[in-house]
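Peer 1: Sequence first, then the predicted structure:
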Amino acid sequence: MRGLKWIERLAGASPSQALPWLLGSLVIVMGVLNGVDSGLWRQILLDQMPPIGPSFVLWIESLLWTLALILFGTGLLFRSRLSWFMTLLALAARLLWLTDLGRFWNEPAFSLAALVALLILLKSGNRFRQSTLGAGTLFALTLIILLLAYAVLGAFLLGDQFTPPIRSLITALYFSIVTLSTVGYGDITPHSVEARLFVSSVIVLGLTVLAVALSAIILPVLQRRLESLLMPNRVIRPRRNHFLIAGNSSLARNTYRELNTRKQKVTFIVSEPFEIAGEGKLDIVIGDPTDIEVLRSVQAGFAKALLALSDDDSENAFVVLAAKELETPVKTVAVVHNSRNLSRLRRVHPDILLAPQVMGGRVLAMYLTGQEVDAGKFWDEFLTEIAPGHD
C-alpha cells in the first residue's frame, strides 16, 4: 500500500518535483545494470570472485563503480547537492574514459543513458539544494571509505610495479594515506605506466572527494554560526511540526499570539526584522516567502501549515503557488483583503481561504439592515468560504 501511495504521489507531482526521483532512479538502475553486465552480482552470489591479478583489479573497479552509482542515485532521490556534484563528476569522467579507450559504442545503452543523465544534471542543478549536516557527514564518510578501499586494493594488486614493491595491505594502506594527503615522502614510487596512471587517478579523486566531503561537513556548521552572529535576536532551533507565517500584518501578529499561548512553534518569513510588544524572542527568517528555496530553508515540508497573511493579496497567492512546488505537501492558509481578489485566490487552491474584511462587511450589513443573523447558517457559510477545495 505504501508503494502505491508513492506511485500516486509521483504521478501527481509537477515536473520539478518528479525530476529528482526520475533522475535518481535512472542512476540507480545504471549501477544495477552495470553489475549485471559485468557479471558482478552472479560472481558475488556464487562466490566466484576472480583470483588476485589483473582480472581482480577490473573486478574491484567494477564493484566500486557499481556501488558509487547506487549511492549517488540514492542521494539524488533526496535532492542532495553533494550527490548531484559527485554524480556529475563521475559520469563525466566515465564518458571521457570510454571515449578515450574507443569503447563508447561498445556499451551504447550505458553510454547514452550516462550522456542523457549528465545533460539533465547540468540543466537541473538548482533542483538539488538539500545540505543537512547529518546526511552530508554520512555521505562524505562513505565516499572517503570507497576511495580509500580503491587506493589500498589498487596499490596492493599493483605492488610489483612500485619501488620498493608493496607486499602487504599495511604497506598499501600507508602508501594510500600518504598519497591521498599529498604529503608524498617518496619512499615508495611507481615505476610502470600502469602504476603511474593509477597513482594519478588516486590523487585526482582524492583531492576532489576530500574537498567536497569536507565542505559538506563544514559548510552547514559555518552557515549556522554566521546566522547566529548576524542575527543574534533570532531563535535558532530545529524546525519540525511548526507553523510558518509569511507576512507582518496585524492578522499575522495576532495569529502568532494565539498560537504562542497554545505552546506552538512559529517561524516568521518577512523582508525585515520586527518585534511584537509583550512577546519574547521571535524566530524570524529574512527572505522572500514566495521563493521556494526560502521555504525549503525553513523546512516548510515539515511544517504543520504555511500561513500567507500579508497585507498584499498577490503576495499571498504567490506564497501558495510556491508551496505547491515543495517536494512534501504542506497545508496552506491564505488571507484575501479585497473582495475582487477572492476568485483569484481561489484559483491557486489554498486549503483554507480567509476573507475577514469581506465576512466582517457581510455581518455588519446584515445587522444594519435588520436582517436576522442565523449563527448556525452563518457558520456553515463561513466554513464553506474558508475551504475552497471542498466546494
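Peer 2: That came in fine, so what should we check first? Numbering: from 1, shown residues only.
Peer 1: neighbours around Glu107, how many?
Peer 2: 15 (other Cβ atoms under 10 Å). Bear in mind the C-beta positions are built from the backbone N, C-alpha and C, glycine included.
Peer 1: One more: the one 4 residues further on?
Peer 2: Other residues within reach of Ser111, judged by other Cβ under 10 Å, total 17.
Peer 1: Surely it and Trp105 touch.
Peer 2: Yes - contact criterion Cβ atoms under 8 Å: Ser111 and Trp105 qualify, at 7.1 Å.
Peer 1: Please verify my assumption that Gly154 contacts Val202.
Peer 2: Yes - using Cβ under 8 Å, Gly154 is in contact with Val202, at 7.1 Å.
Peer 1: Got the domain ranges for the chain?
Peer 2: Using automatic domain parsing, the domain ranges for the chain come out as 15-229, 243-390.
Peer 1: Next, format those domains as JSON lines and append mean pLDDT.
Peer 2: Putting these into JSON lines (pLDDT from 0 to 100) gives the following:
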{"stretch": "domain 15-229", "mean pLDDT": "76"}
{"stretch": "domain 243-390", "mean pLDDT": "82"}
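Peer 1: Check which residues of stretch 324-338 are buried.
Peer 2: Leu326, Glu327, Val330, Thr332, Val333, Ala334, Val335, Val336, His337 (16 or more other Cβ atoms under 10 Å).
Peer 1: what's the offset of that stretch from the middle of its chain?
Peer 2: In terms of Cα atoms, centre = their mean, to the nearest Å, the centre of stretch 324-338 is set 21 Å apart from its chain centre.
Peer 1: And for stretch 114-129?
Peer 2: In terms of Cα atoms, centre = their mean, the centre of stretch 114-129 is set 14 Å apart from its chain centre.
Peer 1: what comes up buried for that stretch?
Peer 2: For stretch 114-129, burial by neighbour count (16+ other Cβ under 10 Å) applies to Ala114, Ala117, Leu118, Leu121, Arg127, Phe128.
Peer 1: tell me the contacts of the nearest residue to the third one once chain neighbours are set aside?
Peer 2: In space, and not counting its chain neighbours, Leu118 is closest to Leu91: 4.6 Å by Cβ to Cβ, 6 or more residues apart in numbering. Each residue near Leu91 by Cβ atoms under 8 Å, 6 or more residues apart in numbering is listed here: Ala114, Ala117, Leu118, Leu121.
Peer 1: among those, which are in helices?
Peer 2: Applying DSSP state H to the contacts of Leu91, the entries found in helices are Ala114, Ala117, Leu118, Leu121.
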